[in-house]
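Enquirer: need a 3D model of the following:
(one chain, ligands or ions: 2)
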Amino acid sequence: MDLDYKRIVIKIGSNVLTREDGLPDLERIAHLVTQIAEIKKQGKEVILVSSGAVASGKSVLSVSDKFDAVATRQLFASIGQVKLINTYSELFGTHDLVCAQVLVTKEDFRDRLHYLNMKNCFGILLQHQVIPVVNENDVISVTELMFTDNDELAGLIASMLNADALIVLSNVDGIYNGNPKDPGSEVIPRIDPGFNDFSAFITTQKSQFGRGGMITKSHMAHKIAQLGITVHIANGKTTDVLPRLLRQDVINTCFTPVKKASGKKRWIASSENYAKGIVQINEGARQALSSSKATSLLPVGITGISQDFKKGDIIKLVDESGVTVGLGIAEYNSDKAVELIGQKNQKALIHYDYLYLNPETY
Ligand SMILES: Nc1ncnc2c1ncn2[C@@H]1O[C@H](COP(=O)(O)OP(=O)(O)O)[C@@H](O)[C@H]1O
Ligand SMILES: N[C@@H](CCC(=O)OP(=O)(O)O)C(=O)O
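Expert: Ligands and ions are numbered 1, 2, ... in the order given. Below you'll find the model as predicted:
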């Protein structure tokens, strides 16, 4: 049976788009565009998150290695992004499709207004059958301002757009139950929501041009599946991988989703970098929040508050050992919250509808 996804985010990793010598693999890009065109013609909405700007820049200009590495990356990315989007535009044009360039930074997820502006832009593009081609704005995103990698970005976009599925194309057939190079290892076909300990089989090894590696990919996939979006990790180098994946006719790892989270919860999940206050909760509160019953955070379970926040700010919840367990929107400010610490029968600091729990910690 075909997978009945209406809105799909497809992320293509650096190493899928790049040849051994680090330059863009134009034949492969053309084949992927043909596959996306086929999916579009089935009436599906496609959002493409594509790496490859730096590699494309390297095909335009050769630069001496005496220059600063960060500045050189900015140089390659700025000239390369032009080349990359032109390549996509020409290739999609041959299928009578129009694509658009959307470059984003971590900062664009910083508050609800920016987030909604970005979401509205995708909305109008999709309404006009345009294929958004998204990449990090590598020209201004440097060092600590960067996303971990484009997997993180693709997860945020899939969550923001309430996609039915996120397909991550890498240079492996999926997540193996051991070292992918070991002939005894096999691809894990399905990862259910309860499973989150990937450390047993994922090595820190990355592909030649990859940034985050399989560990960050797995954590992202797990988090996105917890928001209700199916995630597939498949091999972008396999012939016809995309239509075959939708026909369930190709090897891949599928992270099965839980029930869809609300738009507000999905936004809160993407806002950790912009949390204003830190609220420490006790073990009883941690367990109550992570039970299957919808539970709000009451002052009785709070043991400490650091950093000021206002009503409506995103606040971070940490457990007794300081590990982040979730995020939520404050129902009142930090002064009032401090007064109520440990008290019974008081108004919830975070209402369940505005609470997101980190799937790694429960
Ligand atoms: N258990 C595993 N299963 C699959 N890949 C793994 C595993 N452990 C480590 N990896 C490595 O993760 C790499 C893919 O991640 P990454 O380099 O970030 O790719 P991309 O550029 O596609 O994002 C693979 O090429 C592989 O070397
Ligand atoms: N944004 C960068 C690529 C970032 C990156 O390497 O991400 P990934 O493909 O997930 O390893 C570029 O376009 O060159």
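
Enquirer: up against ligand 1, what does the stretch 51-200 of the chain have?
Expert: Of all the residues in the stretch 51-200 of the chain, those in contact range of ligand 1 (CB under 6 Å from any ligand atom) are D149, D151, S170, N171, V172, I175, Y176, P180. Where you see a C-beta, it was placed from the backbone N, CA and C, and this is true even at glycine.

Enquirer: quick one: the helices in this protein?
Expert: Under the criterion DSSP state H, the chain contains helices at 14-17, 26-41, 53-60, 69-93, 112-127, 150-160, 214-226, 241-246, 263-269, 283-289, 334-340.

Enquirer: coming back round to it: give me the buried subset of the residues of the stretch 51-200 of the chain next to ligand 1.
Expert: Using 16 or more other CB atoms under 10 Å as the burial test, those include D149, D151, S170, N171, V172, I175, Y176, P180 as buried.

Enquirer: give me the nearest residue to H95, chain neighbours excluded.
Expert: Closest residue in space to H95, ignoring its immediate chain neighbours: A37 at 3.6 Å, by CB to CB, 6 or more residues apart in numbering.

Enquirer: kindly report the same for L169.
Expert: Once its chain neighbours are removed from consideration, L169 has its nearest residue in G236; the separation is 3.1 Å (CB to CB, 6+ apart).

Enquirer: how far away is the one you found from R190?
Expert: Summarising the geometry, the distance separating G236 from R190, computed by CB to CB, to the nearest Å, is 20 Å.

Enquirer: the two: which is more packed in?
Expert: Applying other CB atoms under 10 Å to G236 and R190 shows that G236 carries more neighbours, namely 23 against 11.

Enquirer: tell me the contacts of the more buried one?
Expert: Shown in contact with G236 (CB atoms under 8 Å, 6 or more residues apart in numbering): I12, G13, V16, L17, R28, L32, L169, S170, N171.

Enquirer: so how far is stretch 147-167 from its chain's centroid?
Expert: Taking the mean of its C-alpha atoms, stretch 147-167 sits 3 Å from the chain's own mean (CA atoms, centre = their mean, to the nearest Å).

Enquirer: residues touching whichever residue of the stretch 1-150 of the chain sits closest to ligand 1, list them.
Expert: Among the residues of the stretch 1-150 of the chain, G13 lies closest to ligand 1, at 2.4 Å counting by CB to the nearest ligand atom. If a contact means CB under 8 Å, 6+ apart, then G13 has S51, N150, D151, V168, L169, S170, N171, S207, G210, G236 as its contacts.

Enquirer: isn't the fourth one up against A154?
Expert: In this case it means V168. Yes. V168 lies in contact with A154 (CB atoms under 8 Å); the separation is 6.6 Å.

Enquirer: overlap in contacts, the two.
Expert: Here V168 and A154 share the contacting residues K11, scored by CB under 8 Å, 6+ apart.

Enquirer: bridging residues for the closest residue in space to C121 that isn't next to it in sequence?
Expert: Beyond its immediate neighbours in the sequence, the residue positioned closest to C121 (CB to CB, 6+ apart) is V102, lying 6.9 Å away. Each beta-bridge partner of V102 is listed here: V134, as defined by DSSP bridges.

Enquirer: tell me the pLDDT of V102.
Expert: In this prediction, V102 carries a pLDDT score of 97.

Enquirer: again with the one 3 residues further on
Expert: T105 is assigned a pLDDT of 92 by the prediction.

Enquirer: what number of residues lie near it?
Expert: Around T105 sit 17 other residues, with neighbours defined as other CB under 10 Å.

Enquirer: can stretch 141-157 be found next to ligand 2?
Expert: Yes. Counting by CB under 6 Å from any ligand atom, ligand 2 has neighbours in stretch 141-157: D149, N150, D151.
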